[in-house]
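# can't give you the sequence, but here's the structure:
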């Protein structure tokens, strides 16, 4: 799940500001990403600190923060996640509560319908299913940055279980549409998928029932 | 996804009758399974025939049928699928219609909670997400033997899309519980998972709503 096992290391992207300590000849960002990959793989997501990544990269922690605001950003760059579930969820939770499910599905599917993004998320899941450390990293990231935040926000009975069940439906949708490419699901429009899967996510997260019936009818 | 790429070839099981043409010293069943693996990998599930498998194994087609009643049986042996989704679905469809969702989930989760079965289904998905031919085999098998049969049985609007969506929820549940082992989903009882995911499957397949509310309340 590190950048160098799956794929060529990504080209360094030009940061918005100017790095404080690097010279143009050194790919400081790439150096930090590789160091982060090693740390995440060795210690998992939870136990890895920005300080430890900086130490391994031989740079100052402030320089890591220059490129990556949070540990989640560092992780996303390390595993080259094509869609940021933590950001997507934060945005959707800030919007109208009765549209959470449909919004999450529509945003995720629209982003992953880009062939490169779809392939990358499948490669990430492939790695996670084949390597224990990769599964641990991804599980801890999802737990800490996605499901845990949803649970904190929504409350109710067993919010973490409900968040993880919503996550399971999203993962299954991704595997079926972009990995196995089961038809007619693989060719259905993003809107139709959102109409049919959104209510499931909504139900898992909030227990709201009404959108289900609407979705059945509008899908006909 | 063939038996020999993933794992050691399975020991030949003693067939119920006596094979017509093999001698005890020859692992005829293993020979047939390896030949089937090669044929499925080369031509996919749909285009592979029992006759072609027999030809590649150098045996009579009747001998293949002695060990394997159907092509689905041959496929299941080839990829060593730990749970037979085609049989499970056939059994559940023969039972009460309003319990389809919960029955499917409870039967699948109970079977896969066996650690060996859970690991094997994840290995199968891992292979399918990493190799194009493995994804094609699995997709065609699911389409032909599982989703297509559900759709034929249930009818209604867009039955194949609804069957594939139900399948996506099952796949996601399997990945989250047995692959990524996301908590608290990974440790929840089979009954609780069936209570919470069964209504989703039911809704995808039949459009029935009532069990959803019950599940929410009993889950509290």
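Cool, the structure landed. Predicted model only: the values in this text are computed from it and were never measured.

# Leaving out the residues flanking it, which one is nearest to the residue of chain A found nearest chain B?
Residue nearest to chain B within chain A: residue A:172 (2.1 Å; C-beta to the nearest C-beta). Where you see a C-beta, it was placed from the backbone N, CA and C, and this is true even at glycine. Closest residue in space to residue A:172, ignoring its immediate chain neighbours: residue B:172 at 2.1 Å, by C-beta to C-beta, 6 or more residues apart in numbering or on different chains.

# One more: residue A:35?
Spatial nearest neighbour of residue A:35, chain neighbours left out: residue A:57 (3.6 Å); criterion: C-beta to C-beta, 6+ apart.

# Could you do residue A:41 as well?
residue A:133 (5.1 Å).

# Kindly report the same for residue A:52.
Residue A:52 sits nearest to residue A:39 (C-beta to C-beta, 6+ apart), 5.4 Å away.

# And for residue A:176?
Per C-beta to C-beta, 6+ apart, closest to residue A:176 is residue B:168, 3.8 Å.

# name the element that neighbour belongs to?
In this structure, residue B:168 sits in helix B:159-174 according to DSSP states H and E.

# elements contacting that helix?
Counting by 3 or more C-beta pairs under 8 Å, 6 or more residues apart in numbering or on different chains; DSSP states H and E, the packing neighbours recorded for helix B:159-174 are helix A:159-174, helix A:190-206, helix B:100-112, helix B:115-130, helix B:148-154, helix B:190-206.

# still on that earlier bit, these two touch, right, the residue nearest to residue A:41 and residue A:47?
No: in this structure residue A:133 lies outside contact range of residue A:47 using C-beta atoms under 8 Å: 12.0 Å.

# With neighbour numbers in mind, choose between the two.
For residue A:133 versus residue A:47, the count of surrounding residues by other C-beta atoms under 10 Å in any protein chain shown is larger for residue A:133: 16 against 11.

# how close does the more buried one sit to residue A:147?
Distance, residue A:133 to residue A:147, by C-beta to C-beta, to the nearest Å: 20 Å.

# returning to that earlier point: which residues touch the residue nearest to residue A:176?
Counting by C-beta atoms under 8 Å, 6 or more residues apart in numbering or on different chains, residue B:168 touches A:169, A:172-173, A:175-177, A:182, A:185, A:197.

# Low-confidence stretches in chain A?
Residue ranges of chain A with pLDDT under 70: A:1-25, A:208-220.

# Swap in 50 and give it another go.
A:1-11, A:209-220 (pLDDT under 50).

# Contacts only, for residue A:65.
Going by C-beta under 8 Å, 6+ apart, residue A:65 touches residue A:50.

# Phi first, then psi, for it.
According to degrees, to the nearest 10, the main-chain angles of residue A:65 amount to phi -70, psi -20.

# hmm, back to that, what subset of the contacts of residue B:168 is buried?
The neighbour count (16 or more other C-beta atoms under 10 Å in any protein chain shown) marks A:169, A:172-173, A:175-177, A:182, A:185, A:197 as buried among the contacts of residue B:168.

# Show me which of these is closest to residue B:126.
residue A:175 (10.9 Å; C-beta to C-beta).

# What residues does that closest one make contact with?
Per C-beta under 8 Å, 6+ apart, neighbours of residue A:175: A:122, A:125, B:125, B:129, B:168, B:171-172, B:175.

# One more pass at 7 Å, please.
A:125, B:171-172, B:175 (C-beta atoms under 7 Å, 6 or more residues apart in numbering or on different chains).

# Domains in chain A, by residue range?
With domains defined by automatic domain parsing, chain A comprises A:3-79, A:85-218.

# How far off centre is the shortest one?
The reference is to domain A:3-79. Computed by C-alpha atoms, centre = their mean, to the nearest Å, the separation of domain A:3-79 from the middle of its chain amounts to 17 Å.

# and if you look at stretch A:193-203?
19 Å.

# Any buried residues in that stretch, and which?
Across stretch A:193-203, burial judged by 16+ other C-beta under 10 Å covers A:193-203.

# now stretch A:103-113
For stretch A:103-113, by 16+ other C-beta under 10 Å, it's A:103-109, A:111-112.
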